[in-house]
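In: Fold the following and give me the result.
(3 chains)
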Amino acid sequence: MDWLRRVAPYLFITPYALAFTCFIILPFFVAFGLAFVKLELTSQQPAAFVGFDNFREALGDPYFRKSLWVTVYFVVLAVPTTVALAMALAVGMQAMTQRWARNTVRAMLFVPGMLNVAVAAILWQWFFNGEFGLFNHLLESLGLPRLPWISSRALAMPSIVFMTLWWTVGGSAILLLAGLQQIPGELWEAASLDGAGAWKRFTQISLPMVRPVLLFVLVINTIGAFQVFGQTYLMTRGGPELATRSVVQYIYETAFNNYRLGYGAAMSWLLFMLIAAFSLVQFFVLRKVDA
Amino acid sequence: MGAKAALVLMAMLSLGLYTAREWDGTLGTSDERVIHLNFWNGFTGPDGRTMLEIIRQFNESHPGIEVTMQRMEWAIYYNKLMVAGIDDRAPEVFVIHASTLPRFARAGFIAGIDELFEGSPPRLPLDDFEAELMRQLRYDGQTIGVPMDIHPQGLYLNAALLREAGLVDTKGQARPPVTYDEFMAAVHAMHDDPDGDGRADQWGFSWSMWRHNFQSLMPQFGGRYFNDDGTSALDCPENVAALAFMVSLREGELLVPPPENNLGWVGFRQKKVAMVFDGVYMLGDLKRLEGLEYVAAPMPQIGPNPGTHGDAHVMCLQEDLDDDTRAAALEFMAFVSDHGLNWADAGQVPARRSARESEAFKSMQVQSAFAEQLPYVLFPPRSPAVFELQQQLDFAVEKALRGRATPEEALREARENFETFVRNAGLPMLADSEAPS
Amino acid sequence: MKRLKRHLPDAIMAFTALSFVLPLVVMLLTSFKPEAEVLNPESVVPDDWTTSNYQHVLGWSEEAPFVRWLLNSLFISTTVTLLVMLFSAMAAYAITRLRLPGTKAFLGLVVATMMLPAQLFLVPVYLILSQLRLLDTPWALIIPATAGGFGVFLMCQFMRAVPRTIEEAALIDGCSKLGVFLHVNLPLCAPALATLGVFTFIGSWNDFVGPLIFLDSIRNYTLPVGIALYQSSYVTEYGLTLATSVLATAPLIVVFMVFQRQIIESMATSGMKG
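Out: Got it, this is the predicted structure:
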């Protein structure tokens, strides 16, 4: 029985660890190895070890650099707006007086996220269409000028961020609302007795108390934003003039359209390092506030 | 509901659904003696329904063989085919564009099928196919595909708008423009701004898929992809002239709407664009639009020569099949080829002359109008680097149309980038068999 | 005045929520239009209503065996959700409570791997599934989905918040580790688990590339993949695509609406403490 006692704790982690090993770690090593070989799927040549050549090529590749900037631009636009809007929606829902109304609103905010990316994209592609789209038709009938939503280099990315907000903010808002609702009622009462205003209650009670959830929402959104692909690929194919071609799209095209697996893997590792650096900073900053 | 109860409930649900699936699965068990063929392609949408019908006919007339089809959007399809191919899981029969065949031919899982064209009489008569296309399908001394169709680009017109603008023949029917002058006159005539706000509410013409539009104009100006010595010719003066024409429609008067890729087709559907250049395969979409009166015509001759871009769907056979399966697969490919007219109905020009010369085909207005262009279709080059080439052309045409580079600069950049890409990827520019001797 | 101010959030939130649903209403309305009307911005509400899109999608089982797909989708998503909830809760319990060596590093590794783009794993996972002879079975979609890091990360964040005193009391009462997990941690984490369940179910349901690459038989497809049949690089059959989408999304919305009280409301009463 003693050995069982010693083994038992490991049994809890075994199922996940097994799946993780087979379908993350193993492919992970394959992907790691790929970055150091020249492998073009269509040729029957075996993979050749080329050292850091793929990384060197990536660092000198203007398309890769361009796609990195595009991705960082998306992250900088999308993550703060998503988290801030999610927070505002969560606070707004918390302030609602009717419970049934709050439930309904929460569900309605969450519903766009249930839509398949392929459908969300074709719907919004039509909304955004410059000449024959819904948005410009509405703008025009209100006497406002038309906008080149996804057809101008300046507006394309903000338009995609706008669509992404609609599509994804509900999930984050639900998590944050759950966090807010955990805060014990006594804290609010005490604050009211002190005569604290709404803003003060938000900064001094809501924000600190909800921090673990906020950290989770922030990290998940950042990781997701760095890997943006589906909505940009389907709505603009990365255009106009590559203004919305993200790193993941470039990796995808390199690995699967041009069949250069090794080079795609090397770029994935560079992206990975960038995301890791960002996430570490977030952990660090939010931990620090904690202390 | 407690967490445990929920988990138990879900486990029961999962088990129940598993049983239901299994039970459902046993209902459709097929005969062991039957040879199963997997047929993969990118025929989503209306084409796929036509193909399903052809397969149904084949399965009915060939009791010993059962063909099942899997189809998905071309981009995902090509990824899947390549991954499956290197893992020896390629389907028995699959469709590849003639343009991408040079790339796939290198991967080594496509079999030669010359026996279909040999014997007396041969199962398929070689001289019934376009010689130019059959040359494109030869690798290492073997033919590696059966062409199903040739799908050129051409001109779609809104007949009602043409009549409104008085562009009619003696019988009062809409008359498509043929020459440069007629085309430009039509573009002007159907450009309409009734409220006079300087923004058109109806356009005579709009670009649709930019790269295809450009590739269709290239041969008209005498353009090409490669020089005779095998070097890239993307920025040859003829190509520049073709791109310059595209840009010229944007300059001065706003004859076409501001650039947005594939805008033209959406506008054509909405009856706000009178003419577009697009592929014959778009017919499937038009057929479902009630109330849109359309006709098709060959591309108007903008440059010094007639010309257009065209590609072909080619059926290929997997290597490493046992004799019975191979024979069944070849029979299926031949059957599809024999049913070219059914396939044409989906919006294709059949690959075989006998089908094109039939009365039934001549009565298909759009398809037969597009087929008139076959003598001067420019096929994509036999280059394994076809995806890289297309990508660079996409960028160049977009840049020029947006006025961010002159046609010359844009195409020169495309050639330079293409050469770099090909070098980095370690690809030959042209398929080996066509290398300069 | 005061009453007005109190209800101001209600009004604002109701308006916001409505604007979030509007695009979906457009989708629903459009799915009842004939193809010629689909992209016409001048009439968002159909001029003549038609159910032909639905009749087509549901009518031809050779092209789209809808009932079969629904069954596949339900089986796959339910199983994935069950396994992810179970595995994640167990792993999180081991990581946060059992003081195993190296668990912290393990969690770090799990979160780190989430930062690698999933597209990179497509080919290796295909080859592994091929070796395991799982391609073209529902397991090709189920098993890899249980390996993701999101669930473990989320459950760890929540599990940490469960007060240790309760577990310790249970241990003193002679409960085994398994007993503590089943009777204390799992119920206390129910809200987090429910949230994870919702996200996992939706994610699995909407997986698009996985079924296309890992499955070969149309009969094994899942519902949303049906959307792919009506879309190509050049032509999108808008009416059919949107009708399929309505049919594929409706089960999700119904499940969410029915269970949302149990699923999310429970969060308010227990669980995450900051």
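
In: residue contacts, the residue lying closest to C:Val110 once chain neighbours are set aside?
Out: Beyond its immediate neighbours in the sequence, the residue positioned closest to C:Val110 (Cβ to Cβ, 6 or more residues apart in numbering or on different chains) is C:Gly149, lying 4.2 Å away. C-beta: built from backbone N, CA, C; applies to glycine. With contacts taken as Cβ atoms under 8 Å, 6 or more residues apart in numbering or on different chains, C:Gly149 has the following neighbours: A:Phe20, A:Ile24, C:Val110, C:Val111, C:Thr113, C:Met114.

In: Could I have the buried ones of these as ChimeraX selection syntax?
Out: Only the buried members of the contacts of C:Gly149 end up in this ChimeraX selection, burial being decided by 16 or more other Cβ atoms under 10 Å in any protein chain shown:
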select /A:20,24 /C:110,111,113,114
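
In: now, which of the contacts of C:Gly149 sits nearest B:Ala329?
Out: Proximity of the contacts of C:Gly149 to B:Ala329, judged by Cβ to Cβ, is greatest for A:Ile24, which lies at 38.4 Å.

In: State the three-state secondary structure for the closest one.
Out: Three-state call for A:Ile24 (DSSP: H, G, I helix; E, B strand; the rest coil): helix.

In: Look at it and report its pLDDT.
Out: On the pLDDT scale, A:Ile24 is placed at 91.

In: Tell me where the stretch 101-250 of chain C has helices.
Out: Secondary structure of the stretch 101-250 of chain C (DSSP state H, counting those that start in this stretch): helices located at C:103-113, C:122-131, C:139-145, C:150-159, C:164-172, C:177-180, C:186-188, C:190-206, C:209-214, C:238-260.

In: Including mean pLDDT and distance to C:Met13, could those go into TSV?
Out: Formatted as TSV, the helices of the stretch 101-250 of chain C follow (pLDDT from 0 to 100; distance: least, Cβ to Cβ, whole Å):
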stretch	mean pLDDT	distance to C:Met13
helix C:103-113	86	33
helix C:122-131	87	41
helix C:139-145	94	34
helix C:150-159	86	26
helix C:164-172	78	35
helix C:177-180	80	40
helix C:186-188	80	30
helix C:190-206	86	20
helix C:209-214	85	35
helix C:238-260	84	16
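
In: And chain C, is stretch B:364-384 touching that?
Out: No - looking at stretch B:364-384 against chain C by Cβ under 8 Å from any Cβ of the partner chain, there are no contacts, and the closest approach is 14.2 Å.

In: Tell me how far that stretch lies from the chain's centre.
Out: Its chain's C-alpha centre lies 10 Å from the corresponding centre of stretch B:364-384 when counted by Cα atoms, centre = their mean, to the nearest Å.

In: does chain A sit close to it?
Out: Yes - if you take Cβ under 8 Å from any Cβ as the test, stretch B:364-384 does meet chain A, through B:Pro384.

In: Which helix runs longest in chain B?
Out: Looking only at chain B and at elements set by DSSP state H, the helix with the highest residue count is helix B:3-27.

In: Give the buried residues for that helix.
Out: Neighbour-count burial for helix B:3-27 [16+ other Cβ under 10 Å]: B:Ala3, B:Ala6, B:Leu7, B:Met10, B:Leu13, B:Ser14, B:Leu17, B:Arg21.

In: cool, and stretch B:240-260?
Out: Of the residues in stretch B:240-260, those buried under the neighbour-count criterion (16+ other Cβ under 10 Å) are B:240-247, B:249-250, B:255-257, B:259-260.

In: Give me the distance from the helix or strand hosting A:Thr82 to the chain's centre.
Out: Counting by DSSP states H and E, the element that carries A:Thr82 is helix A:62-94. Chain-centre distance of helix A:62-94: 8 Å, with Cα atoms, centre = their mean.

In: now for it, which elements pack on it?
Out: Of the remaining helices and strands, those touching helix A:62-94 by 3 or more Cβ pairs under 8 Å, 6 or more residues apart in numbering or on different chains; DSSP states H and E are helix A:99-110, helix A:153-182, helix A:211-226, helix A:247-252, helix A:261-290, helix C:2-30.

In: most neighbours per residue, which of the ones you listed?
Out: Each of the helices and strands packed on helix A:62-94 was assessed for mean neighbour count using mean count of other Cβ atoms under 10 Å in any protein chain shown. The highest is helix A:247-252, with a mean of 24.

In: how about it, does it reach chain C?
Out: Yes - judged by Cβ under 8 Å from any Cβ, helix A:247-252 comes into contact with chain C at A:Val247, A:Val248, A:Ile251, A:Tyr252.

In: which outside residues touch that helix?
Out: Here helix A:247-252 makes contact (Cβ under 8 Å, 6+ apart) with A:63-64, A:67-68, A:70-71, A:226-229, A:232-233, A:238, A:264, A:267-268, A:271, C:117, C:119-120.

In: And stretch B:232-251, by the same measure?
Out: Counting by Cβ under 8 Å, 6+ apart, stretch B:232-251 makes contact with B:187, B:205, B:207, B:210, B:213-214, B:217-218, B:220-227, B:255-256, B:259, B:302-303, B:389, B:392-393, B:396-397, B:400-401, B:403, B:407-408, B:410-412, B:414-415, B:418-419, B:429, all of which sit outside it.

In: re earlier: nearest to chain B, of the contacts of C:Gly149?
Out: Each of the contacts of C:Gly149 was checked against chain B using Cβ to the nearest Cβ; the closest is A:Ile24, at 18.9 Å.

In: Does B:Gly310 touch B:Asp149 like I think?
Out: No - taking contacts as Cβ atoms under 8 Å, B:Gly310 lies outside contact range of B:Asp149: 9.7 Å.

In: For A:Val169, list the residues it contacts.
Out: A:Thr82, A:Leu85, A:Ala86, A:Leu89, A:Leu109.

In: Which of the residues you listed sits closest to chain B?
Out: Comparing the contacts of A:Val169 against chain B with Cβ to the nearest Cβ picks out A:Leu109 as the nearest, at 23.4 Å.

In: can I assume A:Thr254 is in contact with A:Ala266?
Out: No - here A:Thr254 does not reach A:Ala266: they are 9.5 Å apart, not a contact under Cβ under 8 Å.

In: Does the longest helix that chain C contains reach chain B?
Out: Ranked by number of residues, the top helix in chain C under DSSP H is helix C:66-97. Yes - Helix C:66-97 comes into contact with chain B (Cβ under 8 Å from any Cβ), by way of C:Arg68, C:Leu71, C:Asn72, C:Leu74, C:Phe75, C:Thr78, C:Thr79, C:Thr81, C:Leu82, C:Met85, C:Leu86.

In: what about the fourth one, distance to C:Val255?
Out: From C:Leu74 across to C:Val255, the span is 10 Å (Cβ to Cβ, to the nearest Å).

In: which one of the two has more residues nearby?
Out: Comparing C:Leu74 with C:Val255 by neighbour count (other Cβ atoms under 10 Å in any protein chain shown), the higher total belongs to C:Leu74, at 21 against 18.

In: how far away is the closest residue in space to the more buried one that isn't next to it in sequence from C:Ile227?
Out: With Cβ to Cβ, 6+ apart as the measure, B:Leu17 is the residue that lies nearest to C:Leu74, at 5.4 Å, once sequence neighbours are left out. When distance is defined by Cβ to Cβ, B:Leu17 is 22 Å away from C:Ile227.

In: and the top strand by length along chain B, what does it pack onto?
Out: Ranked by number of residues, the top strand in chain B under DSSP state E is strand B:149-158. Applying 3+ Cβ pairs under 8 Å, 6+ apart, we find strand B:149-158 packed against helix B:210-217, strand B:273-279, strand B:294-297, strand B:308-311, helix B:340-345, strand B:349-350, helix B:365-371.

In: so how far is C:Leu29 from the residue in the stretch 301-437 of chain B positioned nearest to chain C?
Out: Of all residues in the stretch 301-437 of chain B, the one sitting closest to chain C is B:Gly347 (9.2 Å; Cβ to the nearest Cβ). Taking Cβ to Cβ as the measure, B:Gly347 and C:Leu29 are separated by 29 Å.
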